[in-house]
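# Pasting the sequence and the predicted coordinates here, then a few questions.
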Amino acid sequence: MEYGGNAMTIKLILNQKGRDVWSVAPDASVYSAIEIMAEKGVGALVVTDGNQLVGIISERDYARKVILRGKASKDTLVSDVMTRDVITATDSVTIDEAMSLMTDRRIRHLPVVEDGAVTGVVSVGDLVKFKLKDQENLIEHLENYITR
């Protein structure tokens, strides 16, 4: 499923935070996926088969589908626990639309896809951080306007 829009967009966030995309193969162990997440300081990885997006795996998937079910992370494949029906967006989606989409669908990570390729990933934290910074800038602008 893809979602689109305009105004203050995801593109602004990706231009600021960078477009690094950390991925893992579906036949990798969940343990190796968790290692990559820890190394990169991220809460989710896109799952790719070649250049094709086939899923997403998050710390939440690990907790709910591996730990709580008593599975061993070294013996469990990413493909066994990943989310296959990945919600994606283009970088033209507005920040408000992305926040609504992520809230409605109860997801924390949103891969950004352009021309069939994953060009970035935004998290709820990225969106909140951007909105807070934007509000701080607006307040500063209004304070400067009022005191002139």
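Received it, and whenever you're ready, just let me know what you need. This structure is a prediction, so every number in the text was calculated from the model and none was measured.

# And the longest helix belonging to the chain, what's buried?
Identified as the longest helix of the chain according to DSSP state H is helix 124-146. Within helix 124-146, the residues scored as buried using 16 or more other Cβ atoms under 10 Å are Val124, Asp126, Leu127, Phe130. Quick note: C-beta positions are derived from backbone N, CA and C, even for glycine.

# mind listing what the first one touches?
Listed by Cβ atoms under 8 Å, 6 or more residues apart in numbering, the contact partners of Val124 are Met99, Met102, Arg108, His109.

# Tell me which other helices or strands whichever helix or strand Glu35 is part of touches.
Secondary structure assigned from DSSP states H and E places Glu35 in helix 30-40. Under the contact criterion of 3 or more Cβ pairs under 8 Å, 6 or more residues apart in numbering; DSSP states H and E, helix 30-40 touches strand 23-24, strand 44-49, helix 59-62, helix 78-81.

# Put together JSON lines for the buried residues of helix 124-146, with distance to Ala28 on each row.
Below are these laid out as JSON lines (distance: Cβ to Cβ, whole Å):
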{"residue": "Val124", "distance to Ala28": "25"}
{"residue": "Asp126", "distance to Ala28": "25"}
{"residue": "Leu127", "distance to Ala28": "28"}
{"residue": "Phe130", "distance to Ala28": "31"}
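
# okay, the residues you listed in TSV with distance to Thr9 and pLDDT next?
Below are the buried residues of helix 124-146 laid out as TSV (distance: Cβ to Cβ, whole Å; pLDDT from 0 to 100):
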residue	distance to Thr9	pLDDT
Val124	16	94
Asp126	13	93
Leu127	11	94
Phe130	10	88
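
# Tell me the one of those nearest Asp61?
Val124 (15.8 Å; Cβ to Cβ).

# Could you measure from that closest one over to Lys131?
To Lys131, Val124 is 11 Å away according to Cβ to Cβ, to the nearest Å.

# Spell out which residues are contacts of both of those two.
Joint contacts of Val124 and Lys131 (Cβ under 8 Å, 6+ apart) are Met99.
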